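# Next one to model:
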Amino acid sequence: MTPADFLVPTYVQMLTALAGWLDKAQAQTPEQADALLSARLAPDMFPLSTQIRFACVQAQEGVFRLQDEAFPPALTELLDEGRNGGENPGTMAQARARIEETLSLVRSLPADLDGGAPDRAVAHELPTGMIFDLTLDQYARDWAIAQFYFHVMAAYAILRSRGIDLGKADYVAHMFAYLRPGTAPQG
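Prediction:
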């Protein structure tokens, strides 16, 4: 399995789930949905708006790394939006647009993309100046997937903590494509 085989479906599945959670939040709290974007799990954590943007950043970074391409300025803009999410949370419509932009980018990858040699060097630099020297496989396994899931899971937890009716089925909605007919609980 290549890093692309691993990352691309994960990004599509979980960003699609995240969009669905925002739809549920909008439907369940139409008057307060935008206010949810300022919600946090803890005072020192980023708000929901940032978790959404950072999940998109992680997926977009992964796509550019797989293609061995430099990050475009739009990715830095999205990262800055996320960092400033506490002051400028935006709207649910804007959050959904960011998810859709990211899904469009991920889905535009060639079907035969393998991401190149799994031992290709990746220098991953953080805004703090720290640089991690990884292979593409290590980047996918140890950074990209972990960081992506951190932000997706934080978004899920924030929504749940604010009373949005989400459950495990919402988190793993992609699994229902594999459900054997006649085995779902009735009632």
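# quick one, strands of the protein?
Taking DSSP state E as the criterion, the chain carries its strands at 121-125, 131-135.
# low-scoring stretches of this structure, by residue?
The model of the chain has pLDDT under 70 over residues 114-115.
# Show me which helix runs longest in the protein.
Of all the segments of type helix in the chain, defined by DSSP state H, the longest one is helix 3-28.
# would you list the strands of the chain in a markdown table and tack on mean neighbour count and distance to residue 156?
Every residue, glycine included, has its C-beta placed from N, CA and C. Listed next are the strands of the chain as a markdown table, based on neighbours: other Cβ atoms under 10 Å; distance: least, Cβ to Cβ, whole Å:
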| stretch | mean neighbour count | distance to residue 156 |
| --- | --- | --- |
| strand 121-125 | 13 | 25 |
| strand 131-135 | 14 | 26 |
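# that older thread, quick one, the longest helix of the chain and strand 131-135 angle?
Relative orientation of helix 3-28 and strand 131-135, computed by axes from the mean of the first three to the mean of the last three Cα atoms, to 10 degrees: 120 degrees.
# All further residue positions should be reported with the first residue as 789.
Sure, I'll start numbering at 789, so the last one becomes helix 791-816.
# Pull out the buried residues from helix 791-816.
By neighbour count on 16 or more other Cβ atoms under 10 Å, the buried set for helix 791-816 is 791-792, 794-796, 798-803, 805-807, 809-810, 812-814, 816.
# any chance of the strands of the chain in JSON lines, plus distance to residue 951?
Below are the strands of the chain laid out as JSON lines (distance: least, Cβ to Cβ, whole Å):
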{"stretch": "strand 909-913", "distance to residue 951": "37"}
{"stretch": "strand 919-923", "distance to residue 951": "38"}
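# For residue 894, find the nearest of those.
strand 909-913 (18.3 Å; Cβ to Cβ).
# and the closest one, what other elements does it pack with?
For strand 909-913, the packing partners by 3 or more Cβ pairs under 8 Å, 6 or more residues apart in numbering; DSSP states H and E come out as strand 919-923.
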